[in-house]
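Undergrad: Sequence first, predicted model second:
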Amino acid sequence: MIATLDDLDAAGTVVGLRVDINSPVDADGRLLDDSRIRAHVGTISSLLERNARVALLAHQGRPGGDSFTTLEPHADRLNELLDAPVEYVDETHGTSARAAIADLTDGTCVVLENTRFYSEEYMEFDSADAATTHLVERLAPVLDVYVNDAFAAAHRSQPSIVGFPHVLPSYAGQVMERELAVLDDIESTTCPRTYVLGGAKVSGSIDAARDVLERDLADTVLTAGVVGNVFLVADDHDVGKASTDFIYDQGYWDEIDRAAALLEEYGDRIEYPRDVAVERNGDRVELPVGEMPPADDEPAMDVGTETLAAYEEILEESETVILNGPAGVYENETFAEGTQSLYRAAATVETSIVGGGDTASAMNALGIDGFTHVSTGGGAALALLTGDTLPAVCALDNAPVS
């Protein structure tokens, strides 16, 4: 059984707190959205109010990516959000980082530098091997306990996620506890239960579709975005040259075959678009599937009104809806209609769960709310919703007892 903050006597304790505050940033590294930072304020505040000494670990971006940058602006934002001082140190586990942790006083916090500046953090380990990495071996001696609140990274088996629970008494933070309580209990929600799988994460979505259909968790699976296009191609529909080229350029050959196998076995429970929207001379033009343009520059950008009408009817009859991924290129106002309409319809049902990541970003960008639960993690949420074991959860479950 995983221990939580209710089990921790925090006063005077040095806590290594892993959070996921990976956020959109501009070209200068300035934060564009602080939703993930605000999500962890409850856990951090709870520890600080109980006079813990908090060393915060987190990552930002991926090596080589545009958002791979320092956590200094995140620390500045936390300093604004919390009723306690927050410092920042530009090291993760070096001498300065360990000294900053040693200098903490009760009820104060230091944000350590981006864990992914350290190369081993971007590798996968089992917990025993992760515990022997430089990050864990150097920080564990200056920590008393470890708290994992980084649900959005819970599907990763990186040192800061699975290494510390191997050597320190470990606890789930409030975000982690809340996410597990909701997402690990989908079977108890009422039916009909509908999954909406969109976006461009095709492999994960097909994994999800197979799992929820095999386990009878889904009465219906609605597909959209690139995922929907893959199912269309799998059923021998023409989605146009531009969309087809994109699918093949992304290496989704095998995914087409997997989608075809799902359609053969569960075709009566899987829905794919009936029509799509393309951009032509700056305008939104809707075309029935099978009449897609041969032009190289007219990919499917959204689902069309016929698809929306059919999908909304299914959603209206649903008791539980799980959303993962947008229906189209919602960032372009001309093609936000599909995502807006589906999300609004989903928000009206008895239980509506948003799978985090791009889905939550779309929800926030479009100003749609009213959902039962909005996850902080896309990949982790999808993994949990499909019955996978999350490495972070397994590590916490096997952590030493304090």
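TA: Yes, it's here.
Undergrad: neighbours around V227, how many?
TA: A total of 31 residues lie near V227 under the criterion other C-beta atoms under 10 Å. From N, CA and C alone the C-beta is placed, and that goes for glycine too.
Undergrad: And E87, how far from N22?
TA: According to C-beta to C-beta, to the nearest Å, E87 stands 20 Å off from N22.
Undergrad: so where's the stretch 151-300 of the chain shaky on pLDDT?
TA: Across the stretch 151-300 of the chain, the ranges flagged by pLDDT under 70 are 293-295.
Undergrad: And the helices in it, which stretches?
TA: 174-183, 202-214, 225-234, 241-249, 253-266 (DSSP state H, counting those that start in this stretch).
Undergrad: Please name whichever of those is nearest to E317.
TA: Nearest of the helices of the stretch 151-300 of the chain to E317, taken as C-beta to C-beta: helix 202-214 at 17.6 Å.
Undergrad: any idea of the angle the closest one forms with helix 241-249?
TA: Computed with axes from the mean of the first three to the mean of the last three C-alpha atoms, to 10 degrees, the direction of helix 202-214 lies at 90 degrees from that of helix 241-249.
Undergrad: roughly how far out does helix 202-214 sit from the chain middle?
TA: Centre-to-centre, helix 202-214 and its host chain are 16 Å apart (C-alpha atoms, centre = their mean, to the nearest Å).
Undergrad: Make 8 the first number, not 1, from now on.
TA: Renumbered: residue one is now 8, and that last one reads helix 209-221.
Undergrad: Buried ones in that helix, by neighbour count?
TA: 209, 211-220 (16 or more other C-beta atoms under 10 Å).
Undergrad: could I get the helices of the stretch 158-307 of the chain as TSV with distance to M8?
TA: Shown next, in TSV, are the helices of the stretch 158-307 of the chain (distance: least, C-beta to C-beta, whole Å):
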stretch	distance to M8
helix 181-190	12
helix 209-221	25
helix 232-241	36
helix 248-256	44
helix 260-273	35
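Undergrad: Go through the ones you listed and name the closest to I360.
TA: Closest among the helices of the stretch 158-307 of the chain, using C-beta to C-beta: helix 181-190, at 6.8 Å.
Undergrad: and the closest one, what other elements does it pack with?
TA: helix 48-56, helix 385-392, helix 398-404 (3 or more C-beta pairs under 8 Å, 6 or more residues apart in numbering; DSSP states H and E).
Undergrad: And the helix or strand just after the longest one, how far out from the chain middle?
TA: So the one you mean is helix 48-56. As assigned by DSSP states H and E, the chain's next helix or strand after helix 48-56 is strand 60-64. With C-alpha atoms, centre = their mean as the basis, strand 60-64 stands 23 Å off its chain's centre.
Undergrad: Over to stretch 305-316?
TA: Computed by C-alpha atoms, centre = their mean, the chain-centroid distance of stretch 305-316 equals 25 Å.
Undergrad: can you list the domains in the chain?
TA: Listed by automatic domain parsing, the domain ranges of the chain are 12-187+398-404, 198-356.
Undergrad: what would the ones you listed look like in a markdown table with distance to S368?
TA: Converted to a markdown table, these look like this (distance: least, C-beta to C-beta, whole Å):
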| stretch | distance to S368 |
| --- | --- |
| domain 12-187+398-404 | 7 |
| domain 198-356 | 9 |
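Undergrad: Out of these, which gets nearest to M370?
TA: Comparing those by C-beta to C-beta, domain 198-356 comes nearest, at 6.1 Å.
Undergrad: Quick one: end-to-end distance for that closest one.
TA: Using C-alpha to C-alpha, to the nearest Å, the end-to-end distance of domain 198-356 comes out at 11 Å.
Undergrad: cool, and stretch 113-120?
TA: Its first and final residues considered, stretch 113-120 spans 21 Å by C-alpha to C-alpha.
Undergrad: what comes up buried for it?
TA: Neighbour-count burial for stretch 113-120 flags 114-120 (criterion: 16+ other C-beta under 10 Å).
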